[in-house]
Structures are given as C-alpha cells and as structure tokens.
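Undergrad: Starting from these lines, generate the structure:
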Amino acid sequence: MYCQKCGKENKDGYKFCKYCGSRFHELIVCSSCGMENKQGSKFCKFCGSGLITAENAESLSEVETAVNLPEFADNYGEYEKHPDDYETNNVEVEADTDEDAEIEKWFEGVDDRPIKPERQSKRSSPRRNKQDIYIDNRVLISLMAVLGVLLIALGMSLVAYFKTGSLNPSGLFDIDKTEDVADTVNDVEEKKEKETAGSTGSSDVIEVVDIMEKKTEEESPVDVDLFAEFIAGNVKAVVADDFLCSIEWTNEMKSGQEYTFQEIKDYVLKDEKISYESFENPDAYYFIIHVHGGIMNALKLSYSLKDNESSEGLDETYVFYDNNGKLEIKFAIDESNFGTGPSMRGGSVDASGVSNYYAHGGAGESQYSRMYAPDSDFSYKKIYDEESHIAYDPYFYDTNNMPIEPLNLTMEEAASMNESAQYVRYYREIIDNDVFFYYLNDGEEGLTQSTVDFIDTIAAGHGFGFDGKATADAAREAYEKELGVYEICQDPTSPEWIDIE
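TA: The predicted model follows:
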C-alpha cells in the first residue's frame, strides 16, 4: 500500500509509514468527490481523481520533474479530457528503486487510461501474511485431531470385538467394571471368612457382600426365559385379561388366576364336569412360535387312558407370552380327537400360532369349525365361526335355542320337494360379528343350475336370500388383513413339538 503523504509503498498491514511516520487510515476521502476509498489507493474509484496529496511532491524523486504531479494528481479526470493543457517534459526517468519503478509504471500509458477507470481487482501479494499462515495451520491441526480420534475409535472397536464379540467399545468398560466388582466381592468374602473364624461376628461384612452382589446383578442384567422358568417350576403363569379359550367342556380359567406348571397339568384331572379318573398324568410338549417379530410359546399336555386299550385321548394346548416380565396365558384349545358321535372334536396350532378347531355331530350331518390367530399385539382373535347342516338335518338355532327362520324352512322344503337338494349343505358363517349364509353340494351329482334356481325360488318365497360363499370369503380375507394376520393364516405349517422330560 502507498502512503498518502509521501507516496512511498509500504507492506500491507502497517499502521505507520516507515518512511515519513504518517499514520495510515482505513479509508481515504477523495478531495474531489468526497467519496471514501480503500487505504493505499492511488486514484478515486468514483471520479478518478488522484488520492496522493500535494504534500508528497517534495518527497518524490526526480519523477516530479517529468510531470506536473500536484496538478495532474488532483485533476486526473480533467487531464484525460484536455491533456494538452498540462505540461510534460517527456523526460525518461531511470528507475533506481522498486518505488521508482512503480511510479514509472504508473505514468506509462497515461494517454490510454479511461476517464473513469474500472474497479480494479484486489492487489495480490506474492507473499502470504502471518494471519493466513496461522489460519491454515489451525485447519491442518483440526483435521489431524479428527483423524486421530477416528483411529482411536476404530482401534477400540476392534479390541472390543475380539474380547466381547461386539464392536461396541462400551462392553470393554462393562467387563472391567464387572471384574472389579467381582474382585471386591471376593475380597469381602475372604474377609468375612476371616472374621467368622475369629468369632468377631461382624454384620457389616455381610451387608457389604449383599450390596456388592446386588450391584453386580444390576450392572450385569441377564435376560430370563420366563417360559423355561415356568417349566422348571420357578415362576407362575397368569391368565391374561384378553385370554381366549376354544375349549368347550374342560376349561373355566378366569382372568388374573395364576398357575404353576404342575397345577396346569392337574387342571383337567380335577375337572368336575366330566370324570377323568381313567386318565393318567399327561406327557408334556412345547415349541416356540415366532410371529410378528416376537416370541410366544405353545405347551401341549397329552392325556391318555390308564388301561391303554383305547386310542381315545385328550390333548390340551396353551399359548404363553412374556408381557414385559409377566408370563401370561393368552390362548387355550382342545387338540384332542376325543369321543364319538356328537362329542367328536379336535384342533391344532400351527407354527405361526394360528389355531383351527373343528367338531361334528356324527354321521356327517352337522359340523362346525373355527379359526383363531394372534394379532400384532399378541392377542388372540376369532377369525371366523362356521356351522353347517345337511338340508334334511335339524336346524340352525339362535341364541334363544330357537330355529333360525326362514333359512331352515327354505332348506327343509327344498329337500322334501327335490331329491337333488337333499344333499345340499348350507352354511352360516360369522366374521367380525357379521353373519353370512350360503350353500354347497355334497351329493354325487353335483350342484346343478336347476337345483340352484329351485332353492333360490323357495328362499324368495320365504323372503330370504343367500349371500354366497364368495361374499363370505371376501369378508374373511378383509378381516384377516385388518388384524394383520392374513399372511400367517395362509401358511398352515405344522410345528415340531419338543418333548419336556
């Protein structure tokens, strides 16, 4: 930058001129237009007037003899308009110093300069100042520090992996902490033995041991398999608030009741509704249900006759769920093929926990089936409840045990008037509390269009109409998707039961 008083060039950043001692100002006010210019500027960027004052004429070397500097510097714009009015000696000046060379360069091509010079770019210095170097050093140091932290973290993760099997370095500190606690407990135990041998009877030592053991348990929690603890007889299972049971004759469990494993096995043997004196203590089996990203457990108790002369048996199945540290009984189903005639019934639980239950009244005249499935909250829901009869068989009954009319009248009349309609099986299916009616054919001839028209005509005469099986199937699928169980209901994979010795 240039001193506005003596015109000498100084390094950027100086506060005083090293030649004349004048103080540098951040802004220079142009004497012609009054606008502010950057310190060190030779010409005003607004009007083109020279910014070097007339006082510096004495300090400039022989250049002053070449051009009438004071008059030219203050009236640069006028000089550009009328250059002939200004005296010039056209003396070639030899540049002996850097300052003289700069001034000589300034005078070269004066006639070619514009009246109002365009804004020039910042003068680039070949030397970097200390502030720039300091900033670059800070950036470099910061990058090196970040790289160092990353290398340390990577090293700790690798060490943790080889020691704990996990890339989480916090496991290293947990191990060290647990080892320290264990060492302290061992020391206290040893002191306790010494105190006991010396008959001091100190209770403080025992309290310290208890505190340290409790601290160790709190800092090193272990996941507990509640179902395994239940089988081992260490915990009880409670009947859940949303408990669902498809066992009709032998189960009256209520919400909130608690049972040990042995009490569950004795439950059927103590039932008062049906005498089971001939049954032996059951065999027990289990399998793990993986559903909705969680785990449930199925337990099957298989009761057999003591005399072993009959294939009849009774299988009771229960489904358990660990609900935040409380083992709950969520579902129960009778899986047996027990009894004959109207008492024949059976069920199953597949690998996803979906359960099917069926029964019939003997000789195939009437039958019913149900499906249950656990939703995303691990609560069992009834998917459908289906019942069917042959046309000439007894009727459907409502909740008051009265025949459902006019459905039964339609089928009875059709069977009495048309032989092909005698083997038509008609259905009532309940899905999400909605009731659907349809009929199919079990006869050898198949369900002909003439038989369909005949049955529909009779139904219309009684003011009744069938929904059709397709309508019921669509409603069932929609309900399964609403509960989020559609996929598992389509995959009836049988589980592999594991014997509980």
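Undergrad: Could you break the protein into its assigned domains?
TA: 27-112, 134-219, 223-375, 377-483 (automatic domain parsing).
Undergrad: State the mean pLDDT of the second one.
TA: Model confidence over domain 134-219 averages 63 on the pLDDT scale.
Undergrad: got it, and the longest one?
TA: Mean per-residue pLDDT for domain 223-375: 83.
Undergrad: helix, strand or coil for the nearest residue to Ser352 once chain neighbours are set aside?
TA: Leaving aside its chain neighbours, Ser352 sits nearest to Ile488 (3.9 Å; criterion: CB to CB, 6 or more residues apart in numbering). C-beta: built from backbone N, CA, C; applies to glycine. At Ile488, secondary structure determined by DSSP: H, G, I helix; E, B strand; the rest coil is helix.
Undergrad: from what I can see Ile488 touches Tyr372, true?
TA: No - with contact defined as CB atoms under 8 Å, Ile488 does not reach Tyr372; the gap is 11.4 Å.
Undergrad: For those two, work out which one has more neighbours and name it.
TA: Tyr372 (24 against 20; other CB atoms under 10 Å).
Undergrad: Run through the bridge partners of the more buried one.
TA: For Tyr372, the beta-bridge partners are Ser355, Lys382 (DSSP bridges).
Undergrad: Of all the residues in the longest helix seen in the chain, which ones are buried?
TA: Of all the elements of type helix in the chain, the one with the most residues (DSSP state H) is helix 130-164. Across helix 130-164, burial judged by 16 or more other CB atoms under 10 Å covers Ala160.
Undergrad: In contact with the residue nearest to Ser352, which residues?
TA: Val291, Ser352, Gly353, Val354, Ala373 (CB atoms under 8 Å, 6 or more residues apart in numbering).
Undergrad: now Val291
TA: Taking CB under 8 Å, 6+ apart as the criterion, Val291 is in contact with Ser352, Gly353, Pro374, Phe378, Ile488.
Undergrad: if we go to 7 Å?
TA: Ser352, Gly353, Pro374, Ile488 (CB atoms under 7 Å, 6 or more residues apart in numbering).
Undergrad: can you pull up the bridge partners for the nearest residue to the second one once chain neighbours are set aside?
TA: Same thing as Gly353. Nearest residue to Gly353, sequence neighbours excluded (CB to CB, 6+ apart): Ile289, at 4.4 Å. For Ile289, the residues forming beta bridges with it (DSSP bridges) are Met296.
Undergrad: still on that earlier bit, could you dump the contacts of Ile488 to JSON lines with distance to Tyr303?
TA: As requested, the contacts of Ile488 are exported to JSON lines (distance: CB to CB, whole Å):
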{"residue": "Val291", "distance to Tyr303": "27"}
{"residue": "Ser352", "distance to Tyr303": "26"}
{"residue": "Gly353", "distance to Tyr303": "23"}
{"residue": "Val354", "distance to Tyr303": "24"}
{"residue": "Ala373", "distance to Tyr303": "26"}
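Undergrad: Of those residues, just the buried ones, PyMOL syntax please.
TA: Listed next is the PyMOL selection for buried residues among the contacts of Ile488, using 16+ other CB under 10 Å:
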select buried, resi 291+352+353+354+373
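Undergrad: Return the member of the contacts of Ile488 nearest to Pro492.
TA: Val354 (6.9 Å; CB to CB).
Undergrad: which residues does the nearest residue to that closest one once chain neighbours are set aside contact?
TA: Spatially, and ignoring its direct neighbours in sequence, Val354 is nearest to Ala373 (4.7 Å; CB to CB, 6+ apart). Shown in contact with Ala373 (CB under 7 Å, 6+ apart): Gly353, Val354, Tyr380, Lys381, Ile383, Val485, Ile488, Cys489.
Undergrad: Make JSON lines from the residues you listed and add distance to Thr451 to it.
TA: What follows is the contacts of Ala373, written out as JSON lines (distance: CB to CB, whole Å):
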{"residue": "Gly353", "distance to Thr451": "41"}
{"residue": "Val354", "distance to Thr451": "35"}
{"residue": "Tyr380", "distance to Thr451": "39"}
{"residue": "Lys381", "distance to Thr451": "36"}
{"residue": "Ile383", "distance to Thr451": "31"}
{"residue": "Val485", "distance to Thr451": "36"}
{"residue": "Ile488", "distance to Thr451": "37"}
{"residue": "Cys489", "distance to Thr451": "32"}
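Undergrad: No further questions, thank you.
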